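In: Have a look at this prediction, sequence included:
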Amino acid sequence: MTERIENIRREFTEELSRVSSDSELEQVRIKYLARNGLIGALFDDLRSLPAAEKPAVGKMLNDLKRQAQQAFDDKRSTLEQSRGSREPAPDLTLPGRPRPTGTKHPLTQTMDEIKRIFAGMGFSVAIGPEIETDYNNFEALNFPKDHPARDMQDTFFISKNVLLRTHTSPVQIRTMQRQKPPVREIMPGRVYRNEAVSARSLVSFHQIEGLYVDRGVTFSDLKGTLVAFARQFYSIDVKYKFRPTFFPFTEPSADMYISCFLCAGGGCRMCKFAGWLEILGSGMVHPHVLQNVGYDTEKYTGFAFGMGIERIASLRYGIDDLRMFYDNDVRFLRQF
Amino acid sequence: MKVSLNWLKDYVQIPLKPADLAERLSMLGLEVESFEDLARKFDKFIVGEVVEKRKHPNADKLTLCRVDVGREKLDIVCGAPNVAEGQKVAVALVGATIPRNQHDPEGGPFVLERAKIRGLESNGMICSEYEMGLGDDTEGIMLLEPSARVGMPLAKHLHAADIIYDVEVTANRGDWLSHIGVAREIQVITGKRAVLPKVKIAQSRVSARKHATIRIADARKCRRYSSRILRNVRVGTSPRWLQDRLSSVGIRPINNIVDVTNYVLIETGQPLHAFDYDTLAGHAIIVKCAQDGDRFVTLDGKERMLNSDILMICDGERPVAIAGVMGGANTEISEQTTAVLLESANFEQGSIRRASKFLGLATDASQRFERGVDIEMTVFAANRAAQLIQELTGAEVLQGVIDVYPVRAKPRRISLRVSRTNAVLGTACTQQQVIGFMKRLNIRPSSVRKDTVVFDVPSYRYDLAEEIDLIEEVARVYGYDNIETKTSASVDFSKPIFFTSPVDEVRSYLIGAGFNEILTDSLQDHESGYLTQERAVEVLNPVSSEASVLRTSLIPGALRVVQNNRSRGQNDLRLFEIGSVFDVRDERLRESVEGYGEEERLLLVISGRVHAMHYALVERQVDFLDLKGEVEALLSKFCLDKYRFISYDSGSALIDSGLAVEINGSYAGFLGKISKSIAERFDIEDDVLVSEFKTAVILKESITEKKLRALPRFPSVRRDLAFIVEATVPQERIEAVIRGTGGGLVTQVRLFDLYVGGQVGAGKKSLAYALELQPLDRTLTDREADEFVGHIVRQVELACGAKLRSL
């Protein structure tokens, strides 16, 4: 029996090696591998063997069957491949035809994200011109002439009473002059400061201003709104604090700080080892500002806030030179 | 401003750790930017004596010193020219942090290590004033008094066991620009009263009034002038304690008289000036304005041009000081001075600010006057200075203060409603709480009615003028952190909410179309600003000539971006920018402020290869039709077929040739190729194609209301037509005739072949079009289609001189 198995193995191998066409292959299959083929017949003979020999011979037979089938399958693949040499299978690993990829500037992305969050809180977007009057930029916002508060914002002048806006706050004036309360607007835009350009200071940059004036608006609402923003923008469990400061157009005024998200409050270069990052300025709209646009200060109160987009974006993306935003190296732009 | 903790303790108890004090002050709005523990700063610094000095064998400018530091003698290599045997010096031991590095342009700190310098080991460093952060002298090492004790920690020798706070004073709080002002803020934290010291002077019998006359000619600008006269003064160096105090807050000691005036300034915030009494002509002081064009030499030796708005202090003959800004050289305290007239005056804020701005001269005095100095402080400050000078020099203080105070300031009263306070803050403070907060600020209730409390405001609080100012004080003392953070809010839906602008959609489209958004500076150099025909808006006070003119077009800024990218090997660019341009008095522009126009534009820029290198694509540079295709796609998306191209001569040097775009009859922008000369100016060798639009026109004509048009229910029919025409006939004409003739039935006309060559004859070209005929109400038979197309062919032949070419 063992000898017969070895003979059939040898014959099968030899015949298979001579196969060169599909029909020959089929003949080999019928002769050896089909149900009534030679290998099948060996299984029939297995039954007549003494029980003691059955396991060993049975294993040999099973091996033969498995090996023969494997050899047959390989042969079939080889035949198929040789047939395909006239029409090769497409190489799907070739690179696809290139398409250009567009990107939104990181500053626009940051502004859009901030707008989106405030829109969810009912704020509309308003814009205003970059060339402004001294009145809208300063006087209406309670910066008296000859007051040191004006030194807080070094100004580019176009003429005696016309300037490049130093902040987006004049849009507050324009918005309130145009409509009666309630006012709930967010005002993005470009602003200018007459300062030496460096990694941390630019002559023109972007701000987003917010304003909410209505009956019964309190400092408590200011905190709530800005904390809600910080939770959405930074992280839901962000730590925060509000610190008194001075802006002519708000009173009380507050700088908002959040726990540094780069070092989790432990202290790093970005937060100057304080563990806190200043993210925006805010305050209750000064009654003089409301009076200047003809609002009744006994009826209405409100809060305003503003933040520098370059600062917010640079913290967010880990950019330590603000000039990169305006250099527009495409290798930089394509990262966003 | 620098504030010394030791100094503050003269006026108020401070039961707080240094770091806690910093945090608490910051939380009151007096921001502590940083603080420095001087003792720690001079850790591992020690008083040493140079016992031996030898030349360094390997370097001309170096010496090898043996320095006795008490417990041992160290070999130290020194580079200072002034080092000598027997000197007492400040020695930094290995491991010390040197506050400032003389060899670093930024002057950053560094940790001293044992080092070999030109082959010799150096076990420490003999420091200069600059390196110690004690002054600006970098020339030589700092020499200590011969009495300094060798081996003593330097901090102890310098009496430097102090904490120095660096605080940022906001523009509204002039009263914080003094140690008593900061001490009063600490009173708010601790409740422990801040008080100025009692002044005791031994006055002589001689009356000051008999020795000087003081007259204020301009009582609006000079609100008060108080003066003390001292005789038998000996000008000299101040004692150590006084020098140390001034140095600790960053003021350089000069002589005992000037040092005392500075000391009182830092203590009280009241600027003082000391005149050499004997140099004052007629021993008179007259306060009046200068005349336009007057010149005056200030203490710093500089001649200043004056104007008639600048208030001057004059003697009987001439000006002797610029009021509130700086004294004059002519009456300066010198070593010969034996009598002093002390000025302790109060000047109007705006006037000092204007003078300081005009002169470009900001001083410790002007900075305080423009923020407001306590008008009730003049007499105290004069007395305090007189006392100190007397203590230091044994001077005779003449009887009485000459105090000219033309219009006595009224005490300020402000009423505060508790209900209003809570309405602004969202708090629930009681009247008693509010009164308690105010008392901490030295603001006392003068009358209490139901809801309203009238408060008397201290004279030094110029920032408090009305109710809201007191509400802010309540908030500060109550603590911003203690005000509720309201976590619920309502949204008002009675008005529409606009949170995206239409231009955002254009931006999104372009990003999808593979453009990178750029943002460029709107301030440009003069030349770039004038590349267009517009009159550029110029800045009166530019920070540099590179940023002196507002852009009139987005193109120059974008060319700079192309240039920069090319210099870094990035040549294949698809960029866009949305931003404002500006010009002088142009009515076409949307926004105009005082005759300055401002308009939002959209710029598309393509340059370099059409696509990245790829084995299956032919490499090709972008050309005009690539850009035109982008523009057509953009406009079709937003304005459907409401746009058309017209021939265009920009008249500017920027563009060689191009097309203008009209949308519904309004000029919307143009597209074209950057001219050779401009490209060369930006070192760009490849073609750059640009298209600049007024976004307002695109958005005005963009389709905002979208309505479904029914899809065709019948099959469309395609017919191809080729025409031979004169080569000069523009394609557009033929296409227009096909469309015009086709009416609604021809829904698409696509040029699929353009051929110039032998087969069509010289001076001719062949244009082949694929037409789609789409009937709405039935299926078109072949015959109908052929007849219809035949009609189109005849029209084209007639209108364009075309001949049908058999395909």
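Out: Looks like it arrived, so ask away.
In: For the residue nearest to the spatial centre of chain B, which residues are in contact?
Out: Most central in chain B under Cα atoms, centre = their mean is B:Val543, positioned 11.7 Å from the mean C-alpha point. By Cβ atoms under 8 Å, 6 or more residues apart in numbering or on different chains, the residues touching B:Val543 are A:Phe156, A:Asn194, A:Glu195, A:Ala196, A:Val197, A:Val203. C-beta here means a position set from N, CA and C on the backbone, and glycine is covered the same way.
In: Those residues: which ones sit near chain B?
Out: Among those, proximity to chain B is found for A:Phe156, A:Asn194, A:Glu195, A:Ala196, A:Val197, A:Val203 (Cβ under 8 Å from any Cβ of the partner chain).
In: Go through the longest helix along chain A and flag the buried ones.
Out: Residue-count comparison of every helix in chain A, with assignments taken from DSSP state H, identifies helix A:54-84 as the longest. For helix A:54-84, a neighbour-count test (16 or more other Cβ atoms under 10 Å in any protein chain shown) marks A:Val57, A:Met60, A:Leu61, A:Leu64, A:Lys65, A:Ala68, A:Ala71, A:Phe72, A:Lys75, A:Leu79 as buried.
In: do the same with stretch B:345-359
Out: B:345-356, B:359.
In: any residue of that stretch up close to chain A?
Out: Yes: part of stretch B:345-359 sits close enough to chain A to count as contact by Cβ under 8 Å from any Cβ, namely B:Gln349, B:Gly350, B:Ser351, B:Arg353, B:Arg354.
In: hmm, who's touching that stretch?
Out: Applying Cβ under 8 Å, 6+ apart, the external contacts of stretch B:345-359 come out as A:145-148, B:220-226, B:287, B:304, B:307, B:309-311, B:322-325, B:362-363, B:366, B:369-373, B:375, B:378, B:462.
In: Are we agreed that B:Arg601 is in a strand?
Out: Yes: counting by DSSP: H, G, I helix; E, B strand; the rest coil, B:Arg601 is found in a strand.
In: Look up the pLDDT of it for me, please.
Out: Among the per-residue scores, B:Arg601 holds a pLDDT of 96.
In: sorry, back to before: mind putting the contacts of B:Val543 in JSON lines, pLDDT, secondary structure and neighbour count included?
Out: Below are the contacts of B:Val543 laid out as JSON lines (pLDDT from 0 to 100; DSSP: H, G, I helix; E, B strand; the rest coil; neighbours: other Cβ atoms under 10 Å in any protein chain shown):
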{"residue": "A:Phe156", "pLDDT": "94", "secondary structure": "coil", "neighbour count": "23"}
{"residue": "A:Asn194", "pLDDT": "91", "secondary structure": "coil", "neighbour count": "18"}
{"residue": "A:Glu195", "pLDDT": "86", "secondary structure": "coil", "neighbour count": "13"}
{"residue": "A:Ala196", "pLDDT": "84", "secondary structure": "coil", "neighbour count": "10"}
{"residue": "A:Val197", "pLDDT": "84", "secondary structure": "coil", "neighbour count": "17"}
{"residue": "A:Val203", "pLDDT": "91", "secondary structure": "coil", "neighbour count": "23"}
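In: Between the residues you listed, which sits nearest B:Gly479?
Out: Each of the contacts of B:Val543 was checked against B:Gly479 using Cβ to Cβ; the closest is A:Glu195, at 33.7 Å.
In: unless I'm mixing things up, the closest one is touching A:Phe205, no?
Out: No: the pair A:Glu195 and A:Phe205 fails to qualify as a contact (Cβ atoms under 8 Å) at a distance of 10.2 Å.
In: Fine, thanks again, bye for now.
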